[in-house]
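In: When you get a sec, could you give me coordinates for this:
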Amino acid sequence: MTFASRLPIFRATEFRIFDGDGVTATMYDSSQVKQKLKESPPESDLEKGLELRKQLNGRRFGTTSQPLIDEAPELEHLVNEVLFGRIWSRGQLDLRERSIAVIAALATTGQRPQLKHYIANALNVGLTREDIVELLMQLVFYIGLPPVTNAPEAAHEVFAEELDGAG
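Out: Coordinates of the predicted model:
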């Protein structure tokens, strides 16, 4: 018996339609798929990304990436479509959990300007000042004191702008 003769043969073709939270429909007939797509065409990744950024950025939406828009509009488009429209829109982690992961990564790598943006974003998706401070406390023993001592300064500036100031 050859290797090829041991391979299973699948006669039915399965189509799955996904949204940001996972599978919404499983169908075995392409005409069903076409009808489903006709009834509710999928939102583009770019549209999903822009909507997600509006949610994350809150009142800061449209003001946070102006240099990127001005100097590298194609990169801004990719950020919206791929990073936010495909990656951040996946259903396994919620926006709060994703924000915790990104804050940890940015604190670890010392990316202070982006860290400030993502701390502000985290406040818009349900993290509190206390949650963010606790996250920074957790990081001390994993990434070291110097990177973490820079992060509270960034957090303090965001808290002053977003929570204590005009926020």
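
In: Wait, residue 60 touches residue 118, no?
Out: No: with contact defined as Cβ atoms under 8 Å, residue 60 does not reach residue 118; the gap is 11.7 Å. Just so you know, the C-beta spots here come from the backbone N, C-alpha and C atoms, and that holds for glycine as well.

In: between those two, which one's more packed in?
Out: Of the pair residue 60 and residue 118, residue 118 is the one with more neighbours under other Cβ atoms under 10 Å, namely 24 against 17.

In: State the distance from the more buried one to residue 71.
Out: Residue 118 sits 21 Å away from residue 71, going by Cβ to Cβ, to the nearest Å.

In: Excluding covalently adjacent residues, which one is nearest to residue 103?
Out: The shortest distance from residue 103 to any non-neighbouring residue, by Cβ to Cβ, 6 or more residues apart in numbering, is to residue 118 (5.4 Å).

In: Give me the buried positions along the helix or strand where that neighbour lies.
Out: Taking DSSP states H and E as the definition, one finds residue 118 inside helix 112-124. Across helix 112-124, burial judged by 16 or more other Cβ atoms under 10 Å covers 115, 116, 117, 118, 119, 120, 121, 122, 123, 124.

In: now the helix or strand residue 139 falls within and helix 112-124, what's the angle there?
Out: If you go by DSSP H and E, residue 139 is part of helix 129-143. Interaxial angle, helix 129-143 versus helix 112-124 (axes from the mean of the first three to the mean of the last three Cα atoms, to 10 degrees): 140 degrees.

In: Who are the packing partners of helix 129-143?
Out: On a contact count with 3 or more Cβ pairs under 8 Å, 6 or more residues apart in numbering; DSSP states H and E, helix 129-143 meets helix 95-109, helix 112-124, helix 145-159.

In: which regions of this protein sit below the pLDDT cut-off?
Out: Within the chain, the set of residues satisfying pLDDT under 70 comprises 1-42, 64, 166-167.

In: How is it partitioned into domains?
Out: For the chain, automatic domain parsing gives the domain ranges 10-39, 44-90, 93-167.

In: which residue is nearest the middle of the chain?
Out: residue 88 (2.3 Å; Cα atoms, centre = their mean).

In: where's it relative to residue 116, distance?
Out: Note on residue 88: its distance to residue 116, by Cβ to Cβ, is 18 Å.

In: For residue 94, which non-adjacent residue is spatially closest?
Out: Distance criterion Cβ to Cβ, 6+ apart; nearest residue to residue 94, sequence neighbours excluded, is residue 125 at 7.9 Å.
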